[in-house]
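**Student:** Below are the sequence and a predicted model; questions follow.
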Amino acid sequence: MAIILSTALLGCIYVHPLTRILYLDHYYYTYAPKLKSISSLSLKPPRNSVRAASIMSYDKELATAKKACSLAARLCQKVQRALLQSDVQSKSDKSPVTVADYGSQAVVSFILEKELPSRSFSLVAEEDSGDLRKEESQETLQRITKLVNETLASDGTENVSLLSDEDVLTAIDSGKSEGGSFGQHWVLDPIDGTKGFLRGDQYAIALGLLDEGKVVLGVLACPNLPLQTSAGHVQHNVQDKVGCLFFAQVGTGTYMQSLDGSQPTKVDVSSTENAEDASFFESFEAAHSLHDLTSMIAKKLSIKAPPVRIDSQAKYGALSRGDGTIYMRFPHRGYREKIWDHAAGCIVVTEAGGVVSDAAGNPLDFSRGRYLDLDTGIIVTNQKLMPTLLKAVQESLKEKASSL
Ligand SMILES: Nc1ncnc2c1ncn2[C@@H]1O[C@H](COP(=O)(O)O)[C@@H](OP(=O)(O)O)[C@H]1O
Ligand SMILES: [Mg+2]
């Protein structure tokens, strides 16, 4: 491509005091007059690139995954609304997120299994029903079953007979699969960003499909993410519509629509190639990612904008439509990343033209079971900027290690 249009973003950011949703203020575009010299460091090619494999169609799976995530999002929104209206005491209680987590997993699992009948249905998901089967959880279980039935009925398109408590437990337990490199496995985080959910901030329902160890489709429902962050948009306020559904299928690009069903539009990652014009996402929770390390990397890259801290894989969604250019995640030593925290986000970004790698430049490997075996951290950006980012990350990691 001869001409590169670069997007520089993000002047300042604020969190609305009532909704605690993060808004991007001051959104502007600039033109990058020249290419930044690309570092000699280059990304290692994926071990078995899905793009290189023969492209299969997963249209039916994608349509079902979108439906399942949209319904699960409806269930979560209902619980979060009740949570935000409740008093302070019940806000410190973790039970709302428990109800929504289990309920969301039951809805997604039930819909996938019912609408895509297969002898080898496999779901790798975060929750299992162990605690819910205990005597003291009976009341919670009944609440979940009621919510699941109300949610399925709200779809209105078919006759679903009421699920029993046992049906709900069975649907939840379908998520016990170990995944792996053979066959197809659904990968679900029923509420990613539980901390954000409890605060009333960002969270996502994240669903991916692995085929022979590769992510072939992904859906991210982000109920609190503003729909509009387009060029020239100066300010968001509480009246702005929220609720985004991102989806991607291998080889066909990434699309976004509103959770209430607008026409999908194709999205692309930012084309910013000057690091200093980039903005970056990271976890809201300092316990989930080393903010001091990202600040060191940002300084090395001369990034001027402050970090955009939001919960969940909504970061991948926002990056896929160019709201920001970089996402960095460096968990504290010893933390093992789970596949459901990245599968859907990863394909949503790569199909929008981005790159996701570990801190050594390797693509993420989803074929090894429930965990990702990673080297230090996860970095995400567009293809042009990745070598520069990778170099800064590796230099910063070395400096950090030598200062210990
Ligand atoms: N100590 C830790 N380091 C890194 N990630 C962690 C962590 N503890 C929990 N997480 C993961 O971080 C996810 C949230 O990511 P983010 O920080 O981007 O919002 C959590 O997903 P859940 O909320 O689904 O449990 C959880 O899987
Ligand atoms: Mg998660």
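**Tutor:** Perfect, thanks for sending it. Ligands and ions are numbered 1, 2, ... in the order given.

**Student:** how about the top helix by length along the chain: buried residues?
**Tutor:** Longest helix in the chain, counting residues (DSSP state H): helix 59-85. Going by neighbour count (16 or more other CB atoms under 10 Å), the buried part of helix 59-85 is 61-62, 64-80, 83. (C-beta placed from N, C-alpha, C; glycine too.)

**Student:** before we move on, what about stretch 387-401?
**Tutor:** 387-394, 396-397.

**Student:** Write out the residues of the stretch 201-350 of the chain neighbouring ligand 1.
**Tutor:** Applying CB under 6 Å from any ligand atom, one finds that the stretch 201-350 of the chain approaches ligand 1 through 283, 285, 287-288, 311-312, 331-332, 335, 338, 341.

**Student:** Nearest to Q138 among these?
**Tutor:** Nearest to Q138 among these, counting by CB to CB, is K338 at 28.8 Å.

**Student:** got the contact list for that closest one?
**Tutor:** Counting by CB atoms under 8 Å, 6 or more residues apart in numbering, K338 touches 126, 189, 370-372.

**Student:** repeat for A72
**Tutor:** With contact set as CB under 8 Å, 6+ apart, A72 has these partners: 103-105, 107-108, 151, 190, 205, 221.

**Student:** circling back to that earlier point, just the buried residues from the residues of the stretch 201-350 of the chain next to ligand 1, in PyMOL please.
**Tutor:** Buried members of these, defined by 16+ other CB under 10 Å, are picked up in PyMOL with:
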select buried, resi 283+288+311+312+331+338+341
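
**Student:** from the residues of the stretch 201-350 of the chain next to ligand 1, which single one is nearest Y255?
**Tutor:** S312 (19.4 Å).

**Student:** ok, the residue lying closest to that closest one once chain neighbours are set aside - contacts?
**Tutor:** Distances taken as CB to CB, 6 or more residues apart in numbering put G193 closest to S312, at 2.8 Å, once the chain neighbours are dropped. Neighbouring residues of G193 by CB under 8 Å, 6+ apart: 201-204, 311-314.

**Student:** Looking at those, which gets the smallest pLDDT?
**Tutor:** When these are compared on pLDDT, D201 comes out lowest, with 94.

**Student:** so it, which of the three states?
**Tutor:** Three-state call for D201 (DSSP: H, G, I helix; E, B strand; the rest coil): coil.

**Student:** then stretch 185-202 to CSV, C-alphas only?
**Tutor:** Extracted in CSV, the C-alpha atoms of stretch 185-202 (Å, rounded to 0.1, in the frame of the first residue of the first chain):
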residue,chain,number,x,y,z
HIS,A,185,-14.2,-27.1,20.8
TRP,A,186,-16.3,-24.1,21.8
VAL,A,187,-14.4,-21.7,24.2
LEU,A,188,-16.6,-19.6,26.5
ASP,A,189,-16.0,-16.9,29.1
PRO,A,190,-19.6,-16.3,30.3
ILE,A,191,-18.7,-13.0,32.0
ASP,A,192,-15.2,-11.8,31.2
GLY,A,193,-14.3,-8.9,33.5
THR,A,194,-16.2,-9.9,36.6
LYS,A,195,-14.6,-7.1,38.5
GLY,A,196,-15.9,-4.6,35.9
PHE,A,197,-19.3,-6.2,36.0
LEU,A,198,-19.5,-5.6,39.7
ARG,A,199,-18.3,-2.0,39.4
GLY,A,200,-20.9,-1.3,36.7
ASP,A,201,-18.1,-1.0,34.1
GLN,A,202,-17.1,-3.0,31.1
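
**Student:** Let me see the confidence value for the one residue in the stretch 101-250 of the chain that gets nearest to ligand 2.
**Tutor:** Among the residues of the stretch 101-250 of the chain, D192 lies nearest to ligand 2; the distance is 3.6 Å by CB to the ion. Per-residue pLDDT puts D192 at 97.

**Student:** Nearest to ligand 2: which residue in the stretch 301-404 of the chain?
**Tutor:** As assessed by CB to the ion, ligand 2 sits closest to D341 within the stretch 301-404 of the chain, at 4.3 Å.

**Student:** rewinding a little: ok, of the residues of the stretch 201-350 of the chain next to ligand 1, which one's closest to E178?
**Tutor:** Comparing those against E178 with CB to CB places K338 closest, at 12.1 Å.

**Student:** Could you list the contact residues of the protein toward ligand 2?
**Tutor:** Counting by CB under 5 Å from the ion, the residues of the chain close to ligand 2 are 189, 192, 341.

**Student:** I'd guessed the last one sits against V187; true?
**Tutor:** No: using CB atoms under 8 Å as the test, D341 is too far from V187 to be in contact (9.5 Å).

**Student:** Now for A100, how many residues are close by?
**Tutor:** Neighbour count for A100, taken as other CB atoms under 10 Å: 28.
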